[in-house]
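Novice: Output the structure for:
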Amino acid sequence: MQSFLLALAALASTVPAAKAEHPKPHATRPAKAPRAAKAPPAAPVILPSESELRVAEWVATSGDNHALPYAIVDKLGASIFLFDGKGKPLGAAPVLIGVALGDEATPGIGSKNLAEIGPAEKTTPSGRFLAKFGIAFGHERILWVDYATSVALHAIPPGANPKERRRQRMLSPTPEDHRITFGCINVPTAFYGKSVRPLFQRKGGYVYVLPDTKPIEEVFPRLRVQALADGSTS
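Specialist: All right, here's what the predicted structure looks like:
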């Protein structure tokens, strides 16, 4: 399990630098030395955490996803790993998550307007969620992770406040910089359009959100059973 997740991490390697184009020499004058091309900003290298590895192994060996595609979101690592229904790794990407630390959603948060949500309420709840596409405000179809608390997984909204610098935060290697949303999980636009949407749009799938304050066994109790089974076979 660890080997194929490390292989998956290689799929999310940094963006290659742009190559400089060398002009053809002029017929009468020697060619000037080409200027070095500036490389585009590098995407953060995404490596699976120990918690991600544990959850991925548990899901793959137990069939907890019921043959549906699934994603594992690591809030502490600000990353997401995507798998098909058979547990094959398909890709990884950075994520933006809720501003506040916390693994529970505030009661009634789903019925509030965004302007009514306080800073401490902007959490991304942890747990196991059956995610499906549905209609959001403005008649846009998005992947609802938890409809009751208005938590969805989607690309960076086109109308996001420029002062939040969401695209720049997405490329930051510092996980704390990725805390900017009201609780939704933002992923890069290309990753959402080419990977998430085609995979989940037919039947949905599971999203496993790892905790940032609670012990992981409290959020996913079946990990204790897996640990006992691993101990008995070692």
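
Novice: ok, the closest residue to Ala60 other than its chain neighbours - contacts?
Specialist: Using CB to CB, 6 or more residues apart in numbering and skipping residues adjacent in sequence, the residue nearest Ala60 is Gly87, 4.0 Å away. Placement of C-beta: from N, CA and C, glycine included. If a contact means CB atoms under 8 Å, 6 or more residues apart in numbering, then Gly87 has 56, 59-60, 65 as its contacts.

Novice: Now the phi/psi pair for Gly87, please.
Specialist: phi 90, psi 10 (degrees, to the nearest 10).

Novice: Report pLDDT for it.
Specialist: Per-residue confidence (pLDDT) for Gly87: 95.

Novice: same deal with the one 4 residues further on?
Specialist: According to the per-residue confidence, Gly91 scores 95 in pLDDT.

Novice: Please verify my assumption that it contacts Phe83.
Specialist: No. Using CB atoms under 8 Å, Gly91 is not in contact with Phe83, being 9.2 Å away.

Novice: and Leu223, how many neighbours does it have?
Specialist: 18 (other CB atoms under 10 Å).

Novice: Point to the helix or strand of the protein where mean pLDDT is at its lowest.
Specialist: The weakest-scoring helix or strand in the chain, judged by mean pLDDT, DSSP states H and E, is helix 2-11 (a mean of 53).

Novice: and the helix or strand following that helix, what other elements does it pack with?
Specialist: Going down the chain from helix 2-11, the next helix or strand is helix 50-62, by DSSP states H and E. Applying 3 or more CB pairs under 8 Å, 6 or more residues apart in numbering; DSSP states H and E, one finds that helix 50-62 contacts helix 2-11, strand 70-74, strand 79-83, strand 205-210, helix 216-219, helix 222-233.

Novice: and these, which one is worst for confidence?
Specialist: Mean pLDDT is lowest for helix 2-11 among the helices and strands packed on helix 50-62, at a mean of 53.

Novice: got the CA coordinates for the longest strand along the chain in PDB?
Specialist: What stands out as the longest strand in the chain, according to DSSP state E, is strand 127-135. This file holds the C-alpha atoms of strand 127-135, laid out as PDB (Å, rounded to 0.1, in the frame of the first residue of the first chain):
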ATOM      1  CA  GLY A 127     -15.300  11.900   8.800                       C
ATOM      2  CA  ARG A 128     -16.600   9.500   6.200                       C
ATOM      3  CA  PHE A 129     -19.100  11.100   3.800                       C
ATOM      4  CA  LEU A 130     -21.100   9.700   0.800                       C
ATOM      5  CA  ALA A 131     -20.600  12.500  -1.700                       C
ATOM      6  CA  LYS A 132     -22.900  13.200  -4.600                       C
ATOM      7  CA  PHE A 133     -23.400  15.900  -7.200                       C
ATOM      8  CA  GLY A 134     -26.300  18.300  -6.600                       C
ATOM      9  CA  ILE A 135     -27.500  21.800  -7.200                       C
END
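
Novice: Of all the residues in that strand, which ones are buried?
Specialist: Neighbour-count burial for strand 127-135, counted by 16 or more other CB atoms under 10 Å, picks out 127-129, 131, 133.
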